[in-house]
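In: Turn this into a model:
(one chain, ligands or ions: 1)
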Amino acid sequence: MTPAVEVRDLVKRYPKRDVNAVDGLTFTVEPGEIFGLLGPNGAGKSTTIGVLTTRVKATSGAASVAGIDVIRDPVGGKRHFAVVPQQSNLDRSLTPRQNLAFHAAYHGVPRAERNAKAAAMLEEFGLLEQADVKVDWYSGGMAQRLMIARAMMHEPKVLFLDEPTTGLDPQSRLFMWERVRDLRSRGVTVVLTTHDMDEAAEMADRVGIVDHGRLLALDTPAELTRRLAGQAVLDLSVTPADGDDTDKLIVALGDVAGVERGESVAPGPGGSIRLYLTVEPAAVLGPAITVLSGRSAIVTNVHMGTASLEDVFIDLTGRGLR
Ligand SMILES: Nc1ncnc2c1ncn2[C@@H]1O[C@H](COP(=O)(O)OP(=O)(O)OP(=O)(O)O)[C@@H](O)[C@H]1O
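Out: From the prediction side, this is the model:
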C-alpha cells in the first residue's frame with residue numbers, strides 16, 4: 001500500500017545557518033494512522049511538516065504525501081492534505097460557515113455540496129449554533145475546532161495538526177481527541193506535532209521522536225516505554241544527610257538488586273531520585289529505604305510507577321533547556 005506520508009533522507013538547511021534544521025530524516029506513516037511527531041523546541045518538527053505541506057523548500061531528500069512527490073508537484077500534493085496551524089488563520093471578515101464554504105470553493109467543491117458539507121462539519125465539531133456569528137466571537141478552542149472542520153471540507157487524505165490541543169481546557173481537549181479518532185475511523189491519516197506526552201501516548205498509534213533534525217526513535221508509545229530501562233520506576237524524595245549528597249546516594253542505590261540505574265530528577269536539598277528497575281517497585285522499596293536510612297538520609301515521599309512516554313522523551317533528548 002502507498003504510504004500516506006513518506007520522508008526519505010530529508011535535509012533542510014536554512015540560509016545563513018551552520019547546522020541542518022532537518023538532518024537526514026527518514027520515516028513513513030501508514031494510511032489511517034495517527035502519527036505523533038515529538039521533539040524539544042527547535043528539533044525540526046515544524047520544518048519537516050513545512051516541507052510536507054510545501055511551505056518550506058527542502059535542501060535535499062524526498063517527501064511525498066498520498067503518493068505524490070510534494071517537492072516536485074506541490075500543487076498536486078495540496079489536493080490530498082490539509083494543515084491546521086497552531087495560530088488561527090481564519091478569515092475574520094467571514095462568518096464561521098462562510099469560512100468553511102470559501103475553503104471548499106477554493107478547492108473546487110460544487111456550491112450545493114459545499115453548503116451541505118459546511119453544515120455537517122459545523123454540527124460534527126459542535127459549532128452549528130454559532131455558525132453565523134463573527135469569527136472574532138470564538139474562543140481559542142472554538143477557533144481550533146473550526147480550523148479542523150475547515151481543513152476537512154475538501155476531504156484530505158492526510159491532516160497535519162500542529163499542537164492541536166495547546167491552550168485548550170480539558171473538555172475541549174477530550175472533544176478534540178474524540179474528533180481526531182473519528183477522522184481516523186473514516187480513513188484519514190493524521191500527523192500531529194505535540195509537546196504533550198500524555199496526548200501523544202493517548203492519541204498516537206506511533207510516535208517519532210526527533211532532535212537536532214534526526215530521528216531518535218520511532219515506535220508505538222507502549223513499545224517505546226517498554227524499552228526504557230525495564231518499565232518500572234521508583235521515585236524517592238530524599239534529603240541527604242550533612243556531608244552526603246544525591247549523587248552518592250544514587251551510587252549506593254545502584255547496588256540494590258533490581259535497580260538498573262538511578263538519576264537525580266530534582267537536584268538540590270530535598271531533591272528527588274528516580275530509580276529505573278528491572279523488577280516490581282515493591283521489591284526494591286524495602287532495600288532502598290534500608291540503604292537510605294543507613295546513610296541517615298530523610299525520605300519524605302515515595303512514588304511507585306512505570307516509565308511514561310515523557311520519561312522516554314527525557315531519556316532520549318536530555319534534560320537541558322533548548
Ligand atoms: N525561517 C527560519 N530561518 C532560519 N532558521 C530557522 C527558520 N525556521 C526554523 N529555523 C531553525 O531550524 C531549527 C528547527 O526549527 P523548527 O521550527 O523546525 O523546530 P520545532 O521542532 O518545530 O520547534 P518548536 O517545538 O519550538 O516549534 C531551529 O534551530 C530553528 O531555529
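In: Tell me the residues of the chain that contact the ligand?
Out: Residues of the chain found near the ligand (C-beta under 6 Å from any ligand atom) are 14, 17, 21, 39, 41-47. C-beta coordinates here come from the backbone N, C-alpha and C atoms, glycine included.
In: all helices of the stretch 101-250 of the chain, in order?
Out: Taking DSSP state H, counting those that start in this stretch as the criterion, the stretch 101-250 of the chain carries its helices at 111-124, 140-151, 170-185, 197-203, 221-227, 246-253.
In: For V191, state which of the residues of the chain next to the ligand is nearest.
Out: Closest approach between the residues of the chain next to the ligand and V191, by C-beta to C-beta: K45, at 10.1 Å.
In: Now do the phi/psi pair for the closest one.
Out: phi -70, psi -50 (degrees, to the nearest 10).
In: Tell me which of the helices of the stretch 101-250 of the chain is the most buried.
Out: Highest mean neighbour count of the helices of the stretch 101-250 of the chain: helix 140-151, a mean of 22 (counted as mean count of other C-beta atoms under 10 Å).
In: Pipe the residues of the chain next to the ligand into CSV and attach pLDDT, secondary structure and neighbour count per row.
Out: Listed next are the residues of the chain next to the ligand as CSV, based on pLDDT from 0 to 100; DSSP: H, G, I helix; E, B strand; the rest coil; neighbours: other C-beta atoms under 10 Å:
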residue, pLDDT, secondary structure, neighbour count
Y14, 96, coil, 13
R17, 93, coil, 9
A21, 96, coil, 22
G39, 89, coil, 26
N41, 89, coil, 9
G42, 90, coil, 13
A43, 91, coil, 23
G44, 94, coil, 25
K45, 93, helix, 26
S46, 92, helix, 21
T47, 95, helix, 22
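In: Closest to T278 out of these?
Out: Ranked by distance to T278 (C-beta to C-beta), these are led by G39 at 28.4 Å.
In: So which residue is smack in the middle of the chain?
Out: Nearest residue to the geometric centre of the chain (C-alpha atoms, centre = their mean): T194, 2.9 Å.
In: Pop the domain breakdown of this protein in here.
Out: With domains defined by the TED database, the chain comprises 5-224, 229-306.
In: Reformat the ones you listed as JSON lines; add distance to L316.
Out: JSON lines is the format used below for the domains of the chain (distance: least, C-beta to C-beta, whole Å):
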{"stretch": "domain 5-224", "distance to L316": "5"}
{"stretch": "domain 229-306", "distance to L316": "12"}
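In: So which of those is the most surrounded?
Out: Neighbour counts (mean count of other C-beta under 10 Å) averaged over each of these peak at domain 5-224, with a mean of 18.
In: correct me, but G140 touches G167?
Out: Yes: if you go by C-beta atoms under 8 Å, G140 and G167 touch, sitting 5.4 Å apart.
In: Spatially nearest residue to T239 (excluding sequence neighbours)?
Out: Excluding its sequence neighbours, the residue lying closest to T239 (C-beta to C-beta, 6 or more residues apart in numbering) is I298, at 4.5 Å.
In: Tell me who's in contact with the residue nearest to the centre of the chain.
Out: 36, 38, 163-166, 200 (C-beta atoms under 8 Å, 6 or more residues apart in numbering).
In: Next, find the distance separating it from V180.
Out: Separation of T194 from V180 (C-beta to C-beta, to the nearest Å): 11 Å.
In: got it, and V210?
Out: Taking C-beta to C-beta as the measure, V210 falls 21 Å from V180.
In: What separation do you get for the closest residue to E310 other than its chain neighbours and L216?
Out: Nearest residue to E310, sequence neighbours excluded (C-beta to C-beta, 6+ apart): M197, at 3.9 Å. Applying C-beta to C-beta, the value for M197 to L216 is 15 Å.
In: and what of D242?
Out: Distance, D242 to L216, using C-beta to C-beta: 40 Å.
In: next one: F35
Out: Look at F35 and L216: by C-beta to C-beta, they are 15 Å apart.
In: quick one on the thing from earlier: pLDDT at the residue nearest to E310, what is it?
Out: We have a pLDDT of 80 for M197.
In: Might one say that it is in contact with L309?
Out: Yes: look at M197 against L309 with C-beta under 8 Å: they come within range, at 4.5 Å.
In: and stretch 217-234, what's its mean pLDDT?
Out: On average, stretch 217-234 scores 79.
In: now stretch 78-95
Out: For stretch 78-95, mean pLDDT rounds to 91.
In: Residues touching that stretch, excluding its own?
Out: Counting by C-beta under 8 Å, 6+ apart, 49, 52-55, 65-66, 68, 96, 98-99, 102, 107, 131-136, 138, 140, 143-144, 146-148, 150-152, 154, 156-164, 166 sit against stretch 78-95.
In: what do you get if the cut-off is 7 Å, keeping everything else the same?
Out: Contacting residues not belonging to stretch 78-95 are listed as 53-54, 65-66, 68, 99, 102, 131-136, 143, 146-148, 151-152, 154, 156-164, 166 [C-beta atoms under 7 Å, 6 or more residues apart in numbering].
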